[in-house]
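**Q** What follows is a predicted structure for the sequence shown.
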Amino acid sequence: MKIAVFHNLPSGGAKRALYGYVEYLMKMNHQVDVFVPSTANEEFLPLKDVARNVNIFPVPKTLGNSIYSTIKYIPPQVKKISLRDLEKTEEKIARVINNGTYDVVYSEQDQFTMAPFLLKYLKKPHAYYCQQPLRNDAVSEVIFPKKKNKLLGSLRGLGSKIVVKRGLGIDNTNSHYSKYTLCNSYFSRESILRMYGINSHVSYLGVDTEMFKPLEVSEKKFILSVGTFTPEKGHGFLVDSLAIIDPEIRPKLIVVSNSSYPPWKSYLEKHAEKLNVDMEILSLINDHELAVLYNQAELVVYSPYLEPFGLVPVESMACGTPVVAVKEGGVRETVIHKKTGLLIDRDEELFGEAITKMLSKDYKRYDMGKKAVKTVANYWTIEHAGERLLGHLNRVINMIG
């Protein structure tokens, strides 16, 4: 099978999953060519290392398209790139793909528009992987509470009604050009149906069990959280939960984050210090270092707001480290309560109690870790995910044929 892959992703879980997919497809003797605009992140897990070819298309900066974007899209520019210039570049990518001999196109999301403009111009059979729809819900009132706090107030101001409305319109319009939409969980499937009125098919992600696996390293006295240092990733909830635990037994929190929103990071560091919560932030670590941390941690804590899937709990389970997670979003489909971890309501007191219970000597944390490794091996590997994706790609081709 000859497959064209498109993405305009930043670093993070979606790019990690895509890297695994491309590597798997190539190992299965499929030909994979990657097409990206220059705005895509190809420094983090570069696809040139696993794909047959990676084709990068420059996104120009033109005055006419900037003015056009100002009128039609708002905001006119994202990271100094106008959306009109981005659309023209993706239209060019689509033409190249359409003129090629590809059997199917696999498209990921666009970091600027969510559903990419590319879908509008594709004529080849294609599948669009919607990791999550653009969020527009009342959760922002939880993440950014109405307090007399200048930082939180400014954060809420970032999502002005005009920008959100325009962004939702672009995402919604582009999404409806997709002829076959995939998603990462049943939670995401319901969100997509609710947001767009579009049916989608669940194709669960997987993790690299050659990288994330039990290692011969000693456990250390800390708990681990992994994720972008932004409010919606729930690190603030973790700090407040830890503050409830008796200082005599309160564990240290290590947060691994390769990117952050600096004002929020600064605020939370001061907040943790005020609550006497020992928090250390690590950034720009490689996969091996991350796998070592998963293995060294007593447990992994996970509390993003309505995370559509979440690779972190699965990576942790693959390393044999149980997870304490907030019981919402896609994590309910990966962590098995009281078998591979604990699923807890979003309540600081209950979450703090769950952490304390997991760290107690008489709790079967190590048995959970062993069961977690088996659970991942039986269902959540890259190979399992690749097989699921291949099934959908073949279905797309057969439907068109």
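**A** It's in.
**Q** what about stretch 355-362, distance to the chain center?
**A** With C-alpha atoms, centre = their mean, to the nearest Å as the basis, stretch 355-362 stands 29 Å off its chain's centre.
**Q** Let me see the contact set for the nearest residue to Ile192 once chain neighbours are set aside.
**A** Leaving aside its sequence neighbours, Ile192 sits nearest to Ser200 (C-beta to C-beta, 6 or more residues apart in numbering; 4.9 Å). No exception for glycine: its C-beta is placed from N, CA and C like everyone else's. Counting by C-beta atoms under 8 Å, 6 or more residues apart in numbering, Ser200 touches 130, 181-183, 188-189, 192-193.
**Q** okay if I get those as TSV plus distance to Ser82?
**A** Output for the contacts of Ser200, formatted as TSV (distance: C-beta to C-beta, whole Å):
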residue	distance to Ser82
Cys130	24
Thr181	27
Leu182	29
Cys183	29
Ser188	29
Arg189	33
Ile192	27
Leu193	32
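**Q** Could you chop the protein up by domain?
**A** Using automatic domain parsing, the domain parsing of the chain gives 2-206+382-400, 222-379.
**Q** To Phe212, which of these lies closest?
**A** Closest approach to Phe212 among those is made by domain 222-379 (4.1 Å; C-beta to C-beta).
**Q** what's the span of the closest one, first residue to last?
**A** End-to-end distance of domain 222-379 (C-alpha to C-alpha, to the nearest Å): 28 Å.
**Q** distance between that domain and the chain's centre?
**A** 16 Å.
**Q** for stretch 42-51, same thing?
**A** The answer for stretch 42-51 is 17 Å, by C-alpha atoms, centre = their mean.
**Q** cool, and stretch 14-26?
**A** 14 Å.
**Q** now what about that stretch, what contacts it?
**A** Against stretch 14-26 from outside (C-beta under 8 Å, 6+ apart): 3, 5, 7, 9, 32, 34, 41, 44-45, 47, 50-52, 106, 108-109, 131, 184, 205-208, 311, 382-383, 385-386, 389-390.
**Q** Then stretch 266-281?
**A** The contact list for stretch 266-281 (C-beta under 8 Å, 6+ apart) reads 151, 222, 229, 235-236, 239-240, 242-243, 247, 250, 252-255, 257, 260, 265.
**Q** one more time with 7 Å
**A** Around stretch 266-281, the neighbours that count as contacts under C-beta atoms under 7 Å, 6 or more residues apart in numbering are 151, 229, 235-236, 239, 242-243, 247, 252-255, 257.
**Q** Which of those residues fall in strands?
**A** 252-255 (DSSP state E).
**Q** Look up how far Ser191 lies from the residue nearest to Ile192.
**A** Distance, Ser200 to Ser191, using C-beta to C-beta, to the nearest Å: 9 Å.
**Q** And for Leu343?
**A** 19 Å.
**Q** one step back: worst mean pLDDT among the domains of the chain?
**A** Mean pLDDT per stretch puts domain 2-206+382-400 lowest among these, at a mean of 88.
**Q** now it, how far from the chain's geometric center?
**A** The mean C-alpha position of domain 2-206+382-400 is separated from the chain mean by 12 Å, C-alpha atoms, centre = their mean.
**Q** need the contact list for Ala354.
**A** 324, 342, 344.
**Q** So it lies in a strand, does it not?
**A** No. Under DSSP: H, G, I helix; E, B strand; the rest coil, Ala354 falls outside any strand and is assigned helix.
**Q** mind starting the numbering at 302 from now?
**A** In the new count, where the first residue is 302, that last one comes out as Ala655.
**Q** Counting neighbours, what do you get for Tyr680?
**A** The number of residues packed near Tyr680 is 13, by other C-beta atoms under 10 Å.
**Q** Buried among the contacts of stretch 315-327? Make that a PyMOL selection.
**A** Typed into PyMOL, the next command selects the buried ones out of the contacts of stretch 315-327 (criterion: 16 or more other C-beta atoms under 10 Å):
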select buried, resi 304+306+308+310+333+335+342+346+348+351+352+353+407+409+410+432+485+506+507+508+509+612+683+686+687+690+691
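**Q** Which of the contacts of stretch 315-327 fall in helices?
**A** 612, 683-684, 686-687, 690-691 (DSSP state H).
**Q** can I assume Thr529 is in contact with Val556?
**A** No. In this structure, Thr529 is not within contact of Val556 by C-beta atoms under 7 Å, at 10.1 Å.
**Q** Of those two, give the one with the bigger neighbour count.
**A** Using other C-beta under 10 Å as the criterion, Thr529 and Val556 rank with Val556 on top: 23 against 18.
**Q** residue contacts, that one?
**A** Here Val556 is in contact with 526, 530, 536, 580, 582 (criterion: C-beta under 7 Å, 6+ apart).
**Q** If anything else comes up later, I'll come back, but that's it for now.
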